[in-house]
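> A predicted structure for the sequence below; I have some questions about it.
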Amino acid sequence: MTERTVLIKCLKTCGAILSKHYRKVDYTLKGKGNLVTKADMESETAAARIIRTAFPDHDILAEENHTKLTASKNLWIMDPLDGTTNYAHGYLAFCVSIALLKNGKPALGGIFDPFRNELFLAEKGKGATLNGKKIHVSKTARLKDSLVCTGFPYDRHLRPEFYCGFIAEFLKICHDVRRSGSAALDMAWLSAGRIDGYWEFNLKPWDVAAGKLILEEAGGKVTDFSGNSWKSYPQYGAENLATNGKIHREMLHIIKTRIR
């Protein structure tokens, strides 16, 4: 099988597992507000098995238990269930997110939303698609005409005023602010032009590795909060500003001003 075929097989297999367990599983806590379910574990195990069967020499970086790092030039980064809190509560915003990095650079990325049956895919240099049709970021040129989105990291209970302060600043300018609870879906929807910008603190590589490639192949832009590109995958998501490219400077200015 090709790497693209393996990626799609992983996404669809994990999606079927999430659908099977939906509204049928309890959750446990890994930390304050950080949930995990049987579906997370089963989904990750299935994807890891598919990858290791097809490419036993490839490395895997996974959210739960199946990480294997041997300095291989091929690294799969996976989130078997992004939006676990949503999933555990029956809120329909969750997905599977998997990327393949070659020599440290994203080469393939896929995000699958099993509820909406939406498969977002990208291959480096070949554009991004949604269910096989090309997608592109929005053409919105000004923040005041934008719909933007955010998320809250796991220390939100310690710094609620800090994180909500950014929302307050954007609400003064843009059309509105959304919060889906799934970073991967936020990146996918941004890629498809459904929102215009997105920011979040303290994400992990598995949250955004696939979304980064899909967004960039759809014409968007991803940087940290200083406006710099992420240099290597351990940096992915620590500071995440993703936009259609046209409103990036305006969003960056607000974030940098607020952080100061």
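Received, thanks.

> What is the least confident helix or strand in this protein?
strand 27-31 (a mean of 69; mean pLDDT, DSSP states H and E).

> Could you identify the helix or strand that succeeds that one?
Next helix or strand after strand 27-31 toward the C-terminus (DSSP states H and E): strand 34-37.

> For burial, what's the neighbour tally of Thr150?
21 (other C-beta atoms under 10 Å). To be clear about C-beta, it is placed using only N, CA and C from the backbone, and glycine gets the same treatment.

> actually Thr53, not the one I wrote
Thr53 has 10 neighbours, counted by other C-beta under 10 Å.

> so what's it up against?
Applying C-beta atoms under 8 Å, 6 or more residues apart in numbering to Thr53 gives no contacts.

> again, but for Ala209
77, 97, 99, 101, 106, 109, 233, 236.

> Could you tell me which of the residues you listed belong to strands?
Among the contacts of Ala209, the ones falling in strands (DSSP state E) are 77, 97, 99, 101, 106, 109.

> Dump these into TSV; add pLDDT as well.
Supplementary listing: the ones in strands among the contacts of Ala209 in TSV, determined by pLDDT from 0 to 100:
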residue	pLDDT
Ile77	97
Ser97	98
Ala99	98
Leu101	98
Pro106	96
Gly109	98
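
> quick check, nearest of these to Phe120?
Nearest to Phe120 out of these is Gly109 (C-beta to C-beta; 8.0 Å).

> What residues are bridge-paired with that closest one?
Note on Gly109: beta-bridge partners Ala99, Ala122, judged by DSSP bridges.

> how close does it sit to Lys124?
Applying C-beta to C-beta, to the nearest Å, the value for Gly109 to Lys124 is 9 Å.

> Those two: which has the busier surroundings?
More crowded of Gly109 and Lys124, by other C-beta under 10 Å: Gly109, with 32 against 15.

> From what I see, the more buried one and Ala99 are in contact.
Yes - at 4.4 Å, Gly109 counts as touching Ala99 under the criterion of C-beta atoms under 8 Å.

> returning to what we had before: from the contacts of Ala209, which is closest to Lys133?
Gly109 (16.6 Å).

> And the helices in the stretch 101-250 of the chain, which stretches?
Assigned by DSSP state H, counting those that start in this stretch, the helices in the stretch 101-250 of the chain fall at 160-171, 183-191, 205-217, 248-259.

> want to throw these into TSV with distance to Cys10?
Output for those, formatted as TSV (distance: least, C-beta to C-beta, whole Å):
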stretch	distance to Cys10
helix 160-171	33
helix 183-191	14
helix 205-217	11
helix 248-259	31
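
> Grab the most central residue of this protein for me.
Closest residue to the average C-alpha location of the chain: Ala184 at 2.3 Å, with C-alpha atoms, centre = their mean.

> Which single one of the ones in strands among the contacts of Ala209 is nearest to Leu171?
Taking the ones in strands among the contacts of Ala209 together and measuring to Leu171 by C-beta to C-beta, the closest member is Ser97, at 28.1 Å.
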